[in-house]
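Q: The following block contains a protein sequence and its predicted model.
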Amino acid sequence: MIQQDKPQWAEITREERYFTSFLFHDIRKNPLPFLQLLRAKGLKCEDDVTVVDVGYEVCLFRDMAKEKLLEKEKNIIELAGLQNDVKSFRKLTFDLVLWLSNQTTVIIEAKAQQGFKNDQIDMLKHAKTAISCSKMYQTKGILLAGLKSGRYSVIDRNVIEAFDDVIIDWRQVAEVYLENALIYQRADDIYGK
């Protein structure tokens, strides 16, 4: 137990799941500010498109296949032609997922204390390909977006292209969700610590 004269957990943690959990709840309460932020940063969707659902720590391949909304892992890997590129999607978890009213799915990879790694980016790109090739998953498009610290400059073209040029900062999230702004600002401030 943390003593009263010691910092609170919110002042100690560097785990992006902590920060994305707050964002998940803020989006559930009011998705419009986040969608507007994504649009301002390059998300291509019409003004009348809305967020119809949001997921946190989404194990999409496992759970959608269980509900027969997506092919089983082996089948979807074959459909996508990824047999030599991917060992398993089964435990792949997406930080946040938005399902939009225009039947687009937006997968958001979040980082706070560190930057994006190419092996993770490659796995996200493979996942996007696999979902796009599904005959069962009802979507008109899969978009990837990055959420990072404003202290981290993305210069790797592979990362920028993977995220469909949609990369936002935690400090920008703090500007649209004021109730938890201090939490999001902390997510932005801890990069490299």
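A: All right, it came through fine.
Q: what packs against the lengthiest helix in the chain?
A: Scanning the chain for the helix with the most residues, using DSSP state H, yields helix 118-133. Here helix 118-133 touches helix 60-66, helix 73-79, strand 104-110, strand 141-148, helix 157-162, going by 3 or more Cβ pairs under 8 Å, 6 or more residues apart in numbering; DSSP states H and E. C-betas here are computed from N, CA, C, even on glycine.
Q: Can you pull out the low-pLDDT segments for the protein?
A: Along the chain, the parts satisfying pLDDT under 70 run over 1-3, 10, 14.
Q: What residue in it is the furthest from its centre?
A: For the chain, the residue at maximal distance from the C-alpha centroid (Cα atoms, centre = their mean) is residue 5, at 35.2 Å.
Q: returning to that earlier point: let me know which of the helices and strands packed on helix 118-133 is the nearest to residue 89.
A: Proximity to residue 89 (Cβ to Cβ) singles out helix 60-66 among the helices and strands packed on helix 118-133, at 4.1 Å.
Q: Let me see the contact set for the closest residue to residue 62 other than its chain neighbours.
A: What sits nearest to residue 62 in space, not counting adjacent residues and going by Cβ to Cβ, 6 or more residues apart in numbering, is residue 90, at 5.5 Å. Going by Cβ atoms under 8 Å, 6 or more residues apart in numbering, residue 90 touches 61-62, 73.
Q: quick one: which of those is most hemmed in?
A: Sorting these by how many neighbours each has (other Cβ atoms under 10 Å) puts residue 61 first, at 26 neighbours.
Q: which ones are touching it?
A: 70, 73, 76, 89-90, 92, 127, 130.
Q: Of the residues you listed, which is the most crowded?
A: Counting neighbours by other Cβ under 10 Å, residue 130 leads those with 28 neighbours.
Q: just checking, it touches residue 74?
A: No. Using Cβ atoms under 8 Å, residue 130 is not in contact with residue 74; the gap is 11.2 Å.
Q: for the most centrally placed residue in the chain, which residues make a bridge with it?
A: Taking Cα atoms, centre = their mean, the centroid of the chain lies closest to residue 108, which sits 1.5 Å from it. Residue 108 has these beta-bridge partners by DSSP bridges: residue 96, residue 145.
Q: Just list the residues touching it, thanks.
A: 94-98, 144-147.
Q: Which PyMOL command selects the buried ones in these?
A: Restricted to buried positions by 16 or more other Cβ atoms under 10 Å, the PyMOL selection for the contacts of residue 108 reads:
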select buried, resi 94+95+96+97+98+144+145+146+147
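Q: Same list (the contacts of residue 108) but as JSON lines, adding distance to residue 33.
A: Converted to JSON lines, the contacts of residue 108 look like this (distance: Cβ to Cβ, whole Å):
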{"residue": "94", "distance to residue 33": "21"}
{"residue": "95", "distance to residue 33": "18"}
{"residue": "96", "distance to residue 33": "14"}
{"residue": "97", "distance to residue 33": "18"}
{"residue": "98", "distance to residue 33": "13"}
{"residue": "144", "distance to residue 33": "20"}
{"residue": "145", "distance to residue 33": "15"}
{"residue": "146", "distance to residue 33": "18"}
{"residue": "147", "distance to residue 33": "14"}
